[in-house]
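**Q** let me see the structure of the following:
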Amino acid sequence: MRDLFVANLCRLFRGPSIYITLFILLAISTLIVTTRTVDAVGNAHYGAETVQVILNGMSNMIHLMLALAIFVSGAMFADGTLERQASGVSRTKIYLSNLAISSSIGVIFILAFIAWAVILGTVLRGFGSIPQGFWAEKISILGVQMILLLALNALATLLVVAIRRTKIVVGVFFALLIAPRMIEVFSVFSAEPAQIRRFDIVHNIVIMAQLPALHLSQILQALILGVWVIALTTFVGIQLFNAQGLQIKTSHFSTNLFLKTAR
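**A** Sure, this is the predicted structure:
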């Protein structure tokens, strides 16, 4: 598993996609610090205060998670990587390796995104003073949001493996994210559709930015949702990936049998 992880990591960093993604993230972080860290009365936020601004917009990181799933898991279907890896290696390990890589890079990139905002904000305006418990609160917010984002990455990985066509994956991914909001439209007629918000990952990412003001039940609900989606999509993804491998083996066996019979 370790060798497979390292090999896939090296493959990923040999291409330009991952570096372009990081550059775009840092550029967005710079743009946020220079344009959105000023409050209503014109007072600029200090470096440490930019953390909350970033956390308020963390739902935008869904695009990063989708991109990483496509870069990491989608590539193995396009360049023959899968065929080379599948020789003597369980497909479960291949799936988990790709999921672990995209998840790990997602966490690292998000931390870099926040760290760069704090550094730049500090350079421009100073670090500022922070109240007691400030970092504990921000880390708690980020922790819950990160679990929800990793859930979206796990969902995207499942879609990549199931569909294998990037454009369709993107469309289905965002259709699934938009579906809860479309159902909410019917809440004007009944209160029941509004309850779908509890299962809306993006909505939960947004409200978790105000974690200190939330009830414990809301926080636990978000955590359970994230863990449940990760567990379910990973289980389904592994089963589907293994089934695809069995289908390929059966097809090859049938082809070889046909050729032997023809001879």
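
**Q** show me where pLDDT drops low in this protein?
**A** Within the chain, the set of residues satisfying pLDDT under 70 comprises 1, 37-44, 76-88, 183-194, 246-263.

**Q** kindly recompute the last result at 50.
**A** Across the chain, residues meeting the criterion (pLDDT under 50) sit at 40-41, 251-262.

**Q** how about Arg198: what's its closest non-neighbour residue?
**A** The spatial neighbour of Arg198 that comes closest, neighbours along the chain excluded (Cβ to Cβ, 6 or more residues apart in numbering), is Gln221 at 6.0 Å. Quick note: C-beta positions are derived from backbone N, CA and C, even for glycine.

**Q** actually, Val202.
**A** For Val202, ignoring the flanking residues on the chain, the nearest one in space by Cβ to Cβ, 6+ apart is Ser59 at 5.2 Å.

**Q** what does Thr21 give?
**A** Of all residues not flanking Thr21 in the chain, Ala67 sits nearest, at 5.9 Å (Cβ to Cβ, 6+ apart).

**Q** which stretches of the stretch 51-200 of the chain form strands?
**A** Counting by DSSP state E, counting those that start in this stretch, the stretch 51-200 of the chain yields no residue ranges for strands.

**Q** helices along that one, start to end?
**A** Using DSSP state H, counting those that start in this stretch, the helices assigned to the stretch 51-200 of the chain run over residues 62-69, 75-78, 81-85, 91-125, 134-163, 166-184.

**Q** which residues does the following helix or strand past the last one contact?
**A** For helix 166-184, the following helix or strand on the C-terminal side (DSSP states H and E) is helix 201-207. Among residues not part of helix 201-207, those counted as contacts by Cβ atoms under 8 Å, 6 or more residues apart in numbering are 58-59, 62, 145, 148-149, 151-152, 177, 180, 197, 214, 218, 221-222, 225-226, 229.

**Q** coming back round to it: the residue nearest to Arg198 contacts Phe199, correct?
**A** No: under the contact definition of Cβ atoms under 8 Å, Gln221 does not touch Phe199, with a separation of 9.3 Å.
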